[in-house]
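1. Requesting a structural model of the entry that follows:
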Amino acid sequence: MGESILLVNLVIALLAGLVGAIIAVRLGQSIILGFIVAGIFIGPFTPGIKGDLAIVEALAEIGIILLLFAIGVQFSLSDLLRAGRVAVLGSTTQVLLTLGLGYGIGILLGWGSLEALFFGAVLSNSSSTVLSKVLGERGEMDSPHGKLALAWSTVQDLGTIILIVVLSALATESDTLLLDLAIEVGLAGLFLLLLVPIGLKLLPWLFERVEGLRNREVFVLMVAVVALGLAYSASFFGLSLALGAFVVGVVVSESDLSHQILADVLPLRDIFAGLFFVSVGMLVDPIFVLRNWPLLLLAIVLMMLVKGSISALIAWLLGTPTRTAVLTGVIIAQCAEFSFLLAQVGSDLGVVSPSVFSLMLGASAASIVLLPALYQGALPVAGFFHARRPAFAHDAADPDPVDDSALLRNHAVVCGYGRVGAVIGTVLRHRFAFLVIEEDVRVVTQLREQDIPVIRGSAAIPAVLERAHLERARVLVVALPDPVVTRQVVDGARRMNPRLRIIVRTHSETERQWLLRRGVDTVVLGEWELALEMGLHALRGFGVSALEAETIVQRLRGKPDLESIGDSMTMTARSIRTSPAAETSAAQKLEDKSASAADDELVTRRLHNGVRLVRTPRSANDRRDHPGPDQPGGAAGTGASDSVDNR
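-> Numbers count the residues shown, from 1 in each chain. Take a look at the predicted model:
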């Protein structure tokens, strides 16, 4: 009978989680929110079908172990170190300030000291899962604020380990508190001391031996045993199972097989982590939340507006450009998985009352729902501060001037020298003069060491663009991942030089159309170009000739809407195969067109190192067919398709 009850509750929890997840995804919300709402509906505080909370929580404990193990495996110490002092110092300061603020508010509301501390701890944490979803949907994970926010959240995750250890020790209410705390920290250190050599030496050896069996089932079983077994071993050192799982995951992340380990544990994690969030929702009393909506509103304001403002201010004070600081503060103004874990720990220890627990969970869930709208509303605000307040020291241009003894003419200006901009610079530097506009001081230092002209500052600020002498430039390449900043750069550049050829990268078809209407000459849709290149190699893999494959790709390059692709490919293939001498004739036509440098032809150039550059000067990526408001019919700027070559 007991087995039947276990199965029934497992099915109820999974079914409720499935329905909640589907609804959340259809509404464009985080799947975590769907799980929590599903838990509320099968919890003891709502009518209808009810799950057994004790049984669901027992199953959910496996979920939190696997969830934190997976987070630990994804943790990258090198990425954290690259984030530098802004993420480490900023996040640490923000956690301490928010913790203190939450504690003070809790005391004013009449809560106990420990309950107020747990409230502050819940407020202080942010979810990397939620921020990744919001930024990923906008294609901004590689933006400066995206990278900083992710590193910021990672530091918060590490801080959660310390918070759980300290708060758990405080909850014992012992007369020898400092001694107990020292013992807790000492046991945690001993666990790490034993785990590190095991994780760096023994576990990689074991995983490699098991992987050598070439049996996926055995490898998955090995991963589960390591995750659950070592997490359980942490309990002998006074650590929670969840905390032990996270530490084990961090150690395992250094293995060469960490990616395979993560891939195999993810299906198990998704199922049981869903149960964890469902069990969290079952503890929420929705009636209490509705009756105490002023408290809920206060918690939301603290969690989003106050924490976001504190984070943005700290990031700005540490030298982050204003726009990046504002958007970083906004995107981490939410709470999710680690906050739920902290609230759950407080509830299990008996120091967080059910009413305060419901308040914490209700505010956290609301922050997940409200974050996309808050972020969208913050974009123009961040743009205003960024463009209108260049008096801020770290937003203004670098006081070190570009060498005026070698004034550039007919040069290129590259805005942003990340992964994309660096490749463009490599292509240009051996033949053409160019300078770079870059905000990252580390990149600026590297460029100056290579004697590459560089201006430190934001290209969105007119004063910075003016120092790049756009009136004498020939080409402007905007290789920035941020669409709002890109728009500001384009508008500023067009005002300074209406004849300037502008080339921009983007990740959105909507953004591409907007940029073309604003007078940008060429807009490169990153994912589309990647797909075309991979498609070309796929065609070559089927034995399609290089000429036919490249002709197909050139025809498709102007159709980034995926419509009429089949017709285009069929027409291309037929036109190439019209006669036995078709390929020779087509090749001759392409060669003749290339020699005449007409607008719609394929230009192929071979550099001295054998690299072949293929460019379509006029395609649907260009603005000839997308006239701007001051360019009827696209007549203006018809010479923009000229090669950058100064011949």
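2. so residue 432, which of the three states?
-> Here residue 432 is recorded as coil under DSSP: H, G, I helix; E, B strand; the rest coil.
3. May I ask you to confirm that it is in contact with residue 414?
-> No - using CB atoms under 8 Å, residue 432 is not in contact with residue 414, being 10.9 Å away. Bear in mind the C-beta positions are built from the backbone N, C-alpha and C, glycine included.
4. more crowded one of these two?
-> residue 414 (27 against 15; other CB atoms under 10 Å).
5. and the helix or strand encompassing the more buried one, what other elements does it pack with?
-> Under the criterion of DSSP states H and E, residue 414 resides in strand 412-415. Applying 3 or more CB pairs under 8 Å, 6 or more residues apart in numbering; DSSP states H and E, we find strand 412-415 packed against helix 419-429, strand 434-438, strand 475-478.
6. With mean neighbour count added, can I get those in CSV?
-> Converted to CSV, those look like this (neighbours: other CB atoms under 10 Å):
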stretch, mean neighbour count
helix 419-429, 16
strand 434-438, 25
strand 475-478, 25
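7. can you list those in TSV and add distance to residue 158 and mean pLDDT?
-> Conversion of these to TSV gives the following (distance: least, CB to CB, whole Å; pLDDT from 0 to 100):
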stretch	distance to residue 158	mean pLDDT
helix 419-429	27	90
strand 434-438	30	91
strand 475-478	36	94
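8. With distance to residue 189 added, can I get those in TSV?
-> Compiled in TSV, the helices and strands packed on strand 412-415 are given as follows (distance: least, CB to CB, whole Å):
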stretch	distance to residue 189
helix 419-429	39
strand 434-438	42
strand 475-478	50
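9. mind checking which of the ones you listed is nearest residue 552?
-> Among these, the nearest to residue 552 by CB to CB is helix 419-429 (25.0 Å).
10. Tell me the gap between the closest one and the middle of its chain.
-> What separates the centre of helix 419-429 from the centre of its chain is 24 Å, taken as CA atoms, centre = their mean, to the nearest Å.
11. and the angle from that helix to strand 434-438?
-> Calculated by axes from the mean of the first three to the mean of the last three CA atoms, to 10 degrees, helix 419-429 forms an angle of 160 degrees with strand 434-438.
12. I'd like to know which elements helix 419-429 is packed against.
-> For helix 419-429, the elements it packs on are strand 412-415, strand 434-438, judged by 3+ CB pairs under 8 Å, 6+ apart.
13. between the helices and strands packed on strand 412-415, which one is nearest to residue 130?
-> The minimum distance between residue 130 and these falls on helix 419-429, with 25.4 Å, by CB to CB.
14. burial measure for residue 96, as a count.
-> Look at residue 96: counted by other CB under 10 Å, it has 13 neighbours.
15. and the residue nearest to the spatial centre of the chain, what is it in contact with?
-> Central residue of the chain (CA atoms, centre = their mean): residue 141, 3.1 Å from the mean position. By CB atoms under 8 Å, 6 or more residues apart in numbering, the contact list for residue 141 reads 132, 135, 147, 150.
16. Do I have it right that residue 281 meets residue 32?
-> No - the pair residue 281 and residue 32 fails to qualify as a contact (CB under 8 Å) at a distance of 9.8 Å.
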